[in-house]
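Q: model this:
(4 chains)
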Number of protein chains: 4
Amino acid sequence: MTQTTSQSESNWLEPTELEAARQRLPILYVDAIPVRVDAAGAVTSVGLLLRVTGQGDMTRALVSGRVLYHERVRSALLRHIEKDLGSFALPHIPPSPQPFTIAEYFPTPGVTAFHDPRQHAVSLAYVVPVQGDCAPQNDALELTWFSPEEVLQETVLAEMSGGQGVLLRQGLAHVGV
Amino acid sequence: MTQTTSQSESNWLEPTELEAARQRLPILYVDAIPVRVDAAGAVTSVGLLLRVTGQGDMTRALVSGRVLYHERVRSALLRHIEKDLGSFALPHIPPSPQPFTIAEYFPTPGVTAFHDPRQHAVSLAYVVPVQGDCAPQNDALELTWFSPEEVLQETVLAEMSGGQGVLLRQGLAHVGV
Amino acid sequence: MTQTTSQSESNWLEPTELEAARQRLPILYVDAIPVRVDAAGAVTSVGLLLRVTGQGDMTRALVSGRVLYHERVRSALLRHIEKDLGSFALPHIPPSPQPFTIAEYFPTPGVTAFHDPRQHAVSLAYVVPVQGDCAPQNDALELTWFSPEEVLQETVLAEMSGGQGVLLRQGLAHVGV
Amino acid sequence: MTQTTSQSESNWLEPTELEAARQRLPILYVDAIPVRVDAAGAVTSVGLLLRVTGQGDMTRALVSGRVLYHERVRSALLRHIEKDLGSFALPHIPPSPQPFTIAEYFPTPGVTAFHDPRQHAVSLAYVVPVQGDCAPQNDALELTWFSPEEVLQETVLAEMSGGQGVLLRQGLAHVGV
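A: Okay, here's the model as predicted:
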């Protein structure tokens, strides 16, 4: 279903090469805020992944991941949503490639609201309605649906890291919440 | 399914009052470009309504209509799509109220690319994926699906009036076609 | 400097007619958030007008006003900024008519985050950098410049009415604050 | 004036490393369409650079370039505009980081409308008003200002390469031309 071509597969970076590139180049990412919407498109709930970090902390996260070589941005968005929410999530990838914002994650804290100690990542951010059944995959313990009001409470935002709470707030501002 | 409340119904303008307001105030509209998309959100086809004008001319049109008193913009969008494409169109109204552009239809030709001899209308324009079965309603003879390349041919754009061909071009530019 | 034509002047509504239309039609507005920016376009401060309401309350406000018949949206934006901030404000009206959001002010509180007891107004909202000298005009007591952090404090937002605090937050989210 | 820190300088890629990364990762770019605007923000002219390619062909180009490691997107935009148009161009970098679109330049022609034989580049595209004196720098022979109508003529668009003519059309659609 994803459009990742064999060419992009063969050009995947070796872990050590990726490590080196991460010290030298901004790395392109996509961030998706999964939402449920009503018939008129109004957001009724927002989905956050619950993960345990390497340090054993619980953290809530958006769907997020790297764009591969020779991969379309919209294909990367679909791939990461299916990887995190499962094959039956039925996401409605927006027809326009215009992101609602870009999040600039810097390795140095404080340059922007976004921080990633591993790298300088620039992420194209989208709000993505999902229509189907979502099930957390891989390393996520749970996918939790919050009402727009609940998800903006300080207690929830405080469980997000790297500035994703700020990005979530920006995305919900964009949809008029 | 639409959220038009009884209050908005009771405040509908009488035809003569609407006529008077149209000479004095900009009237708020929505324009929707109905599209089919693939799993990654890329536009695969564009739907245009075929209508016969009062003068007996054939014209191709977008979904378009007025926002009523006390009606949400997203409800107006849903109402006009259902009115023109039927109740089974299953439109995906965008979660964000940010239009891709606004079209300013002036009663005087040439002020902008948009013209409406009846009024000064300001229209919020959206690209709306539809997932279900569409059937032309009311005064439309046909709903025709074009590939993005076909729909941008001069012969098709020439069949659109009031500047809707320009708006269609702007909408398709927005989705990256 | 504004492009308001004599035709729009002659078609201004009489106060009683405007009153009647306000009970029947959504009225088109523009809202502008005046900002100062640095050389790279980052917002360094946000301007709010200080006004006294009819009830004698102090309130902080955005630049806001109606779009007239036969007036371009960008002309209305320029006209209201000059009216509120003076002729030397040197606003940079955005080249794109795409607003960052639309604010739907309902006469009934609670339908949206925006409320206007006089009318149903739909406002196209823009962030507008101003480069020149700003001086409050007409009914404003003062124009106050806040840092982006200050302006988002609850004490400031609480001085805004009709939901303009929400709109300000949405605008600052849009510029990445 | 640009905010490129010494850290980003020291992390510039060696030419051979950049070459290697270009075969493995999408590279982040910015594209800017320089425009002149009137007091109400309407685009009155569009600037294109005239360059001679390695093959001796004349080509018209937008301002375009790579985002460096640890560089803000808005700083990269400012740096490339100053590099191509000179230090007195006085660009108005948009306050919002939201690009009007993203252009995905693929090394394989035909995947998208954009093509770059050297690499897979993903470019964030902005329309940028410039207020000062512009002078072509470095490898550009000339900076030519066109009216919006002229610049969209097929003869002009045909002189642009890699799909920049498509991007120009999308940018002008975004500003309502």
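Q: is any part of stretch A:133-145 close to chain B?
A: No. On the criterion CB under 8 Å from any CB of the partner chain, stretch A:133-145 is out of touch with chain B, staying 15.0 Å away. C-beta coordinates here come from the backbone N, C-alpha and C atoms, glycine included.
Q: quick check: buried residues in that stretch?
A: A:Cys134, A:Pro136, A:Ala140, A:Leu143, A:Thr144 (16 or more other CB atoms under 10 Å in any protein chain shown).
Q: just the mean pLDDT for that stretch, thanks.
A: For stretch A:133-145, mean pLDDT is 91.
Q: just list the residues touching A:Gly47, thanks.
A: A:Pro34, A:Val35, A:Arg36, A:Leu85, A:Val130, A:Cys134, A:Leu143, A:Thr144, A:Trp145, A:Phe146 (CB atoms under 8 Å, 6 or more residues apart in numbering or on different chains).
Q: can you put those residues in a markdown table and add distance to D:Ala121?
A: Converted to a markdown table, the contacts of A:Gly47 look like this (distance: CB to CB, whole Å):
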| residue | distance to D:Ala121 |
| --- | --- |
| A:Pro34 | 28 |
| A:Val35 | 30 |
| A:Arg36 | 35 |
| A:Leu85 | 29 |
| A:Val130 | 30 |
| A:Cys134 | 33 |
| A:Leu143 | 34 |
| A:Thr144 | 37 |
| A:Trp145 | 37 |
| A:Phe146 | 37 |
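Q: among those, which pair sits farthest apart?
A: Taking CB to CB, the two most distant members of those are A:Leu85 and A:Phe146; they sit 15.2 Å apart.
Q: more neighbours, those two?
A: Neighbour count, other CB atoms under 10 Å in any protein chain shown: between A:Leu85 and A:Phe146, A:Leu85 has more, with 26 against 15.
Q: distance of that one from A:Arg36?
A: Going from A:Leu85 to A:Arg36 by CB to CB, to the nearest Å gives 12 Å.
Q: burial count for A:Ser123?
A: 26.
Q: ugh, wrong one, A:Leu18
A: Once other CB under 10 Å is used to define contacts, A:Leu18 is seen to have 17 neighbours.
Q: which SSE is immediately downstream of the helix or strand containing it?
A: Remark: A:Leu18 resides in helix A:15-22, with elements defined by DSSP states H and E. Following helix A:15-22 in sequence order, the next helix or strand is strand A:27-37 (DSSP H and E).
Q: got the CA positions of that following strand in CSV?
A: Output of strand A:27-37 as CSV, limited to C-alpha atoms (Å, rounded to 0.1, in the frame of the first residue of the first chain):
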residue,chain,number,x,y,z
ILE,A,27,17.0,15.2,8.4
LEU,A,28,13.6,15.4,6.9
TYR,A,29,10.7,14.1,9.0
VAL,A,30,6.9,14.0,9.0
ASP,A,31,4.8,14.4,12.1
ALA,A,32,1.1,13.4,12.1
ILE,A,33,-1.6,14.3,14.6
PRO,A,34,-4.2,11.5,14.3
VAL,A,35,-7.7,12.7,14.8
ARG,A,36,-11.3,11.5,14.6
VAL,A,37,-13.7,13.9,12.9
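Q: quick one on the thing from earlier: please name every helix or strand in contact with the helix holding A:Leu18.
A: helix D:15-22 (3 or more CB pairs under 8 Å, 6 or more residues apart in numbering or on different chains; DSSP states H and E).
Q: pretty sure A:Val156 contacts A:Trp145?
A: No. Counting by CB atoms under 8 Å, A:Val156 sits too far from A:Trp145 to count as a contact (11.9 Å).
Q: ok, residues contacting the longest helix seen in chain A?
A: The longest helix of chain A (DSSP state H) is helix A:73-85. Applying CB under 8 Å, 6+ apart, the external contacts of helix A:73-85 come out as A:1-4, A:30, A:32, A:34, A:47, A:49, A:63-68, A:71, A:89, A:91, A:93, A:97, A:124, A:126, A:128, A:130, A:134-138, A:140, A:143, B:39-42, D:102, D:104, D:122.
Q: quick check: closest non-adjacent residue to A:Gln164.
A: A:Leu62 (5.3 Å; CB to CB, 6 or more residues apart in numbering or on different chains).
Q: count the neighbours of that neighbour for me.
A: Counted with other CB under 10 Å, A:Leu62 comes out at 25.
Q: gap between it and D:Leu152?
A: From A:Leu62 to D:Leu152 the distance is 39 Å (CB to CB).
Q: what of A:Ala135?
A: Distance from A:Ala135 to D:Leu152, by CB to CB: 49 Å.
Q: same check on A:Ala61?
A: Distance from A:Ala61 to D:Leu152, by CB to CB: 44 Å.
Q: got the residues of chain A near chain B?
A: So chain A meets chain B at A:1-3, A:35, A:37, A:39-43, A:72, A:74-75, A:77-78, A:92-98, A:100, A:127, A:129, A:174-176 (CB under 8 Å from any CB).
Q: appreciated, that's everything.
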